[in-house]
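Visitor: Everything below, folded, please.
(chains A and B)
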Amino acid sequence: MDETPGARGRRDSIIGGFMARKYANKNHAVPEEDDDSTFKRVSNRDLIHGVASSFFEAAYQRLKASKANDGITIDEDYDQFAQFAPSESSDGFWKDENFRQEYELSSELGSSQTSEPEKVAEKAKSGRTKGTQEHFIDILLDKMISTILPENFPEREHFSQRLNDPDRKKRQKLSATVLASNLKILTTKLGSIFELQDSVIRLIAWRNPSGTITMLILATMICFNPIYLAVIPLLYVLYGLMVPGYMHRHPPRRTNFLSRKLYGRSLIVSLTTGGKRTHNYLNEDIREYDYNLEADPHDVKKAHNIKQSMEFVVNLRDLQNSMSAMVALSNSIERFIYGTAGFKDEHRSTVLFLAGLGVLLLSGIISPFINWSALSAALIWFTMIAIHPRVRPKLAQIIKKEQLDKGKEALKRTERYDIILDEQPEVRVIEVFEIFKKEALSNNWTFVKYSSSVFDPRDSFRKAQVLPPGVDELERVFPPLTWAFDSNSDWEIDYNVAGWSTERCLNMEIDGEFLLDDAFKRRRLTRRVLRYASPARKPSYK
Amino acid sequence: MPLRAGRFHAKLVQIQGQKTALTFATAPQISWTLHRLYPLLLILDGILSNILWCCEDVCLPFIHSVLLVLCTNVLTVQDEASLARRAVQSWLGTMSCIFLLLSSVYYISSVLHELNADEPPTLEDIIVMMETVVYKLEVIREDLSEPLKMSSRELMTVLLFITPVHWLLMKYLFSSNDYLVFLVLFCCVYHSSWCQCTLRLLWRSLYVRQLLSLVCGRTRDAGGLGQMVFYAVVDPGIQVPRYNSPLEDLSSSLFSSRVRKALDGIYDPDLVSKHSSTPVSVKVVEFRIDENQRKWPLDGWTHNMLPYERPKFTASQFPDRVECTSPWEFQESLGREWCWLDDAWKPEPWLYCDTHWITRGDSDSLECYTRKRVWKRRAFQHLRTEGVL
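Guide: As a prediction, this is how the structure comes out:
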């Protein structure tokens, strides 16, 4: 391939754009059809879907461009996988090759079930109905989106063109039912993630002290030899997932002995415990594939269902909580990006920037003389010890609140007096035209308005025979938003009438400071306005 | 869903751990001794749990091993390291050594303290604890049994093999410190179920087994003892009449049938008297060749053997399984002095064995991974003694 993927992608879009324009012209030529009929064909839901997945599309396009010559595209491959994966995962996967005799026999026993081809046909039928018949919620959603979306929003053509891409059409559409079912499935399976979250919290709060120390030792190892960062996940896969799996299938004959009471305590644990460790129910969600039927399977299933629904609710709550946490996090990130980093409070931002720069330079200079591994390891240990629930109050006692307040005050003073914000403000000039009207009979002029418009004979207000927008007093003229008048300057009459009139291509009679036409005359008033800074950045949705 | 109602499933035997009514059955002296022993048992159990990594808190053995490794750092002196590094290392090592000592003292004292505070243990508690300790010791012995099973000869070869490897490793790859740390860590981890599972999973690999057999010198012996040894002697010398006129060929079917009859003890005097014949002394033997097969999950029973174990065909007389060709190739290579008594090789039924070729029975089951059968054919040889000639 002689062209780079980027070039190819651009060419595609150029061709696509050309085609879209061509068809748009055709629609113009045919008078019966609506102007945006091509857009109408694309439902709003499709459009939303297009917007949502446009992010992935960019990465995908690149990948595809490099694979275009292969016989099978990733798309097709994925589709094939998607077709076959469910059939494998639903039943067959959970069957055990070593106990084939059990389930083969059981399926023979259940001979009243429909035969295989029948089942397949049934499945195909249901699949077809699923394909053609849309869920009413989906239709509702479509309607809802169509009310949300304006018919002519910018870049609509862009999105609709991308939607018609044949590769994209194969993929799933935005659907409330799919979304809901995915959410349901995920929620049942997210339990382990939330359990992980809890265990991390336990680790940080020193409620599992030996675990915390183990974590610290591992972190230290990583600090001194970063390759452990790659090794430890592999170690986890091998010894955290695979060996327990093996141990489950081939128990090594070492059971955990449950004695009535465990005597003795470990010095490490008693020294470092940060509170009672709550029960951690590991491995409880692993269900053995039941081949022995000692218990009544109905009861087992019932109990399992109750547990599942309990877990579902708990998980849903956890999911909601973590979503709220995510929202809060994104809010604070946003605050930082648009506030502190966006020079909203210029004092604080300047201090922060200078401090950051100082740290950067300092670290650049002294970094060769520092053993970073030891430092980072020490830092981690110190931090973890500092946030230990028994150490923290003592530390807080040492670092008294007043001292903290003093430090804060000193910082504020620094911000106030050591940062000098005396940049030259931006200076611009605003203009207003003072418009006079000729009285009908005499040659007197009467004042009409202060306006931004020249109100010359070609002016649209003049043609419509209405007065231009404006005010009657000069005091009521305000500077543009975010700007302020220079208090040391006043409105000045622009005597260079020839200059400003030729700039506006007004070929009219000049009378001193005035520019005359048959009915009106106007003069130009200017005044300096100042602005210290442009308004801070804002996210588009605020 | 009682779908499988047609089948009846038996229950597994449950091992009853709890003994009933020990208090009355035990002599007070023994009870008293056991009671005195209880703290010791508890402490021993704690230590064993740490060694086996089967305590409630798995992180503790890990921390203990790390501390132990830090301790060993004190023992090894690294001259090339900087002073600061050595200082930090020895400080850390000493501290962790002290900490470990303190920790064990604390543990023991806490056990004693809690025992005093708690209500006294019942006899059942003590017995359960004793069983636990015994079981853990048993597990440790089991883990060690496989390496300790080596014969002294194997041990010698291992030592001979490993010493130069050790030397090379120490010389070029590792420092003595690393080696010691590795050794300490290995000893700490060895009894954990992770390590044991790793060893078992490693044992699944053909290459690992091959390497081990190479190191231990458990290679399979090549043949070369000669064909003379492939038989079992049925009769060292039996008198069989042989017709003189014309001189009967020994390989003829008539003569061999007469040998068979003679073996069965049917000596036909009529035949001898009718024809002119002289009795010949004949040595009758039975050639026995083992056919060995191994079960593979996908292919079933094949002749594909592990490289270090017995080959496809072996001579069955010898405990060290001499390699041999298949019976049909074997008969081609047999010398002319042997005449066949039986018409063909006769197989015995398969004997099914486990993976170590220990016979389990004559039908295939889950624990059978190998099988063998003996092919037999009798032959005889004319003994040319001085007296007869």
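Visitor: from here on, contacts and neighbour counts on C-alpha atoms
Guide: Will do.
Visitor: ok and the residue in chain A nearest chain B?
Guide: Taking C-alpha to the nearest C-alpha, chain B has its nearest neighbour within chain A at A:Gly264, 4.1 Å off.
Visitor: Please name the residues that touch that residue.
Guide: A:Gly264 sits next to B:Tyr107, B:Ile108, B:Ser109, B:Ser110, B:Val111, B:Leu112, B:Glu114 when contact means C-alpha atoms under 8 Å, 6 or more residues apart in numbering or on different chains.
Visitor: rerun at 10 Å
Guide: Counting by C-alpha atoms under 10 Å, 6 or more residues apart in numbering or on different chains, A:Gly264 touches B:42-43, B:46, B:106-115.
Visitor: Confirm that B:Tyr352 sits in a helix.
Guide: No. B:Tyr352: not assigned to a helix; according to DSSP: H, G, I helix; E, B strand; the rest coil it is strand.
Visitor: So what pairs up with it in the strands?
Guide: B:Tyr352 has these beta-bridge partners by DSSP bridges: B:Gly361, B:Arg371.
Visitor: mind checking how far it is from chain A?
Guide: Look at B:Tyr352 and chain A: by C-alpha to the nearest C-alpha, to the nearest Å, they are 20 Å apart.
Visitor: quick one: pLDDT of A:Phe433?
Guide: On the pLDDT scale, A:Phe433 is placed at 91.
Visitor: Once you drop chain neighbours, what's closest to it?
Guide: A:Arg524 (4.6 Å; C-alpha to C-alpha, 6 or more residues apart in numbering or on different chains).
Visitor: burial count for that neighbour?
Guide: 25 (other C-alpha atoms under 10 Å in any protein chain shown).
Visitor: Kindly report the same for B:Pro347.
Guide: As a burial measure, B:Pro347 scores 15 neighbours (other C-alpha under 10 Å).
Visitor: Surely it touches B:Val374?
Guide: Yes. If you go by C-alpha atoms under 10 Å, B:Pro347 and B:Val374 touch, sitting 5.7 Å apart.
Visitor: Quick one: end-to-end length of stretch B:352-364, please.
Guide: 6 Å (C-alpha to C-alpha, to the nearest Å).
Visitor: buried stuff in it?
Guide: For stretch B:352-364, a neighbour-count test (16 or more other C-alpha atoms under 10 Å in any protein chain shown) marks B:Tyr352, B:Cys353, B:Asp354, B:Trp357, B:Arg360, B:Asp364 as buried.
Visitor: The fourth one touches B:Arg373, doesn't it?
Guide: To tie it back to what came earlier, the one meant is B:Trp357. No. Judged on C-alpha under 10 Å, B:Trp357 makes no contact with B:Arg373 at a distance of 11.9 Å.
Visitor: Name the residues contacting each of the two.
Guide: Both B:Trp357 and B:Arg373 are in contact with B:Asn292, B:Leu351, where contact means C-alpha under 10 Å, 6+ apart.
Visitor: quick one on the thing from earlier: common neighbours of B:Pro347 and B:Val374, please.
Guide: Common neighbours of B:Pro347 and B:Val374 (C-alpha under 10 Å, 6+ apart) are B:Arg288, B:Ile289, B:Asp290, B:Glu291.
Visitor: Give me the neighbour count for the residue nearest to A:Gly191 when sequence neighbours are not counted.
Guide: Of all residues not flanking A:Gly191 in the chain, A:Asn315 sits nearest, at 6.0 Å (C-alpha to C-alpha, 6+ apart). Neighbouring residues of A:Asn315 were enumerated by other C-alpha under 10 Å; the total is 22.
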